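> Show me the folded form of this:
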Amino acid sequence: MLGYQGKHYRGDNVVGIKTDPARAPAPGSRGRASAPTDGAVRAPLQQTEESGGRNEEVSSSLTQHRIRRSRTGQEQKMSAAAPQSELRLVVLGRAGAGTSLAGGTILGLQDSEQGTEASVSQECRKLRGAAAGRRVVVVSSPAWFGSGCSPEERRKHISSFIALSSPGPHAFLLCVPVNQPTDGEAEALAALLKLFGPAAVGRNTIVLFTHTEELEEDERLDEYLATWRRDLQELVESCGGRYHTLETRGGEAGERAVEELLEKVEQVVRESERKPQNRLD
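Modelled structure (predicted):
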């Protein structure tokens with residue numbers, strides 16, 4: 001059984017975020033907007049346009065990489081395009097949660113191409129490539145929630161991932177270590193709810209579990225969550241019951257895990273296109 005600081009961690013803290021994608025705008029919001037035609041979520045206009053060209057200034061300082069997938073036949077697969085021509089993903093997580101590794105895994109990068117967690121700790125990174133026959137953009141954000149991040153740094157990082165995922169992300173991937181308590185993740189969901197509205201959390205966020213190698217060899221993730229981690233279960237429920245992990249033994253299983261994740265993202269897109277979305281204007 002998984003240990004936390006040498007003991008079984010049962011996760012006694014409770015995540016207190018409840019979201020309903022169909023509910024009316026929160027008090028103080030100034031309007032209701034229909035969902036974008038491509039199923040992406042949008043930030044409020046005053047957040048992205050305030051202070052003139054602030055976002056242009058932020059984005060100009062960010063490192064952007066264009067990644068080419070080297071697998072044989074990948075371009076041919078892309079000709080039989082998925083319903084969404086390009087999927088834009090924003091990867092979030094606390095320090096050490098594996099955001100850089102997750103982004104690189106989705107795009108099939110080698111370790112030398114992925115960089116390290118430290119390289120993502122200072123600024124957002126934007127990677128573009130192909131995965132499972134889809135064109136994919138992955139924006140990895142530094143840890144802006146939890147302790148150690150000032151309000152100014154938090155605003156900078158949020159503005160950065162909004163700018164780099166323009167015209168809007170199709171899904172947020174919240175990296176959550178299975179061997180840690182959920183101390184900061186509720187704060188991240190609360191910020192997304194405030195910025196993008198309840199649908200961004202309840203419909204457009206997928207919990208991406210990391211550090212699953214800490215589980216016992218014969219222990220399944222769903223069994224571990226049900227038996228030991230009520231706090232993680234409640235986090236998943238806040239995100240519409242959506243969760244995934246990319247951590248496999250590699251090979252075909254790893255490729256299939258990426259494909260299944262992108263299928264879940266496409267399902268999110270389809271649901272977003274069908275339902276009206278509230279946002280804060």
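
> Mind telling me what element Leu262 is part of?
In this structure, Leu262 sits in helix 251-274 according to DSSP states H and E.

> quick one: low-confidence parts of this structure?
For the chain, the stretches with pLDDT under 70 are 1-37, 43-84, 110-121, 147, 249-250, 275-281.

> need the helices for it, in chain order.
45-49, 54-60, 74-79, 99-106, 111-114, 117-120, 151-164, 185-196, 198-202, 221-228, 230-238, 251-274 (DSSP state H).

> Any chance of these in TSV with distance to Gly93 and mean neighbour count as columns?
To be clear about C-beta, it is placed using only N, CA and C from the backbone, and glycine gets the same treatment. Formatted as TSV, the helices of the chain follow (distance: least, CB to CB, whole Å; neighbours: other CB atoms under 10 Å):
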stretch	distance to Gly93	mean neighbour count
helix 45-49	21	13
helix 54-60	20	15
helix 74-79	27	13
helix 99-106	4	25
helix 111-114	15	12
helix 117-120	9	16
helix 151-164	12	18
helix 185-196	8	21
helix 198-202	15	26
helix 221-228	17	15
helix 230-238	13	20
helix 251-274	15	16
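
> Throw those into TSV and include distance to Glu214, thanks.
What follows is those, written out as TSV (distance: least, CB to CB, whole Å):
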stretch	distance to Glu214
helix 45-49	37
helix 54-60	36
helix 74-79	32
helix 99-106	15
helix 111-114	20
helix 117-120	17
helix 151-164	27
helix 185-196	17
helix 198-202	26
helix 221-228	10
helix 230-238	13
helix 251-274	17
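
> Which among those helices is found nearest to Arg134?
helix 251-274 (5.6 Å; CB to CB).

> any residues touching that closest one, and which ones?
Residues from elsewhere that reach helix 251-274 (CB atoms under 8 Å, 6 or more residues apart in numbering): 35-41, 82-84, 87, 89, 105-106, 108, 131-132, 134, 136, 170-171, 173, 199, 203-204, 206, 208, 242, 244-248.

> Buried ones only from those residues, please, as a ChimeraX command.
To isolate the buried ones among the contacts of helix 251-274 in ChimeraX, judged by 16 or more other CB atoms under 10 Å, type:
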select :35,36,38,39,40,41,82,84,87,89,105,106,108,131,132,134,136,170,171,173,199,203,204,206,208,242,244,245,246,247
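
> In strands, which of the contacts of helix 251-274 fall?
Judged by DSSP state E, those include 87, 89, 131, 134, 136, 171, 173, 206, 208, 244-245 as members of strands.
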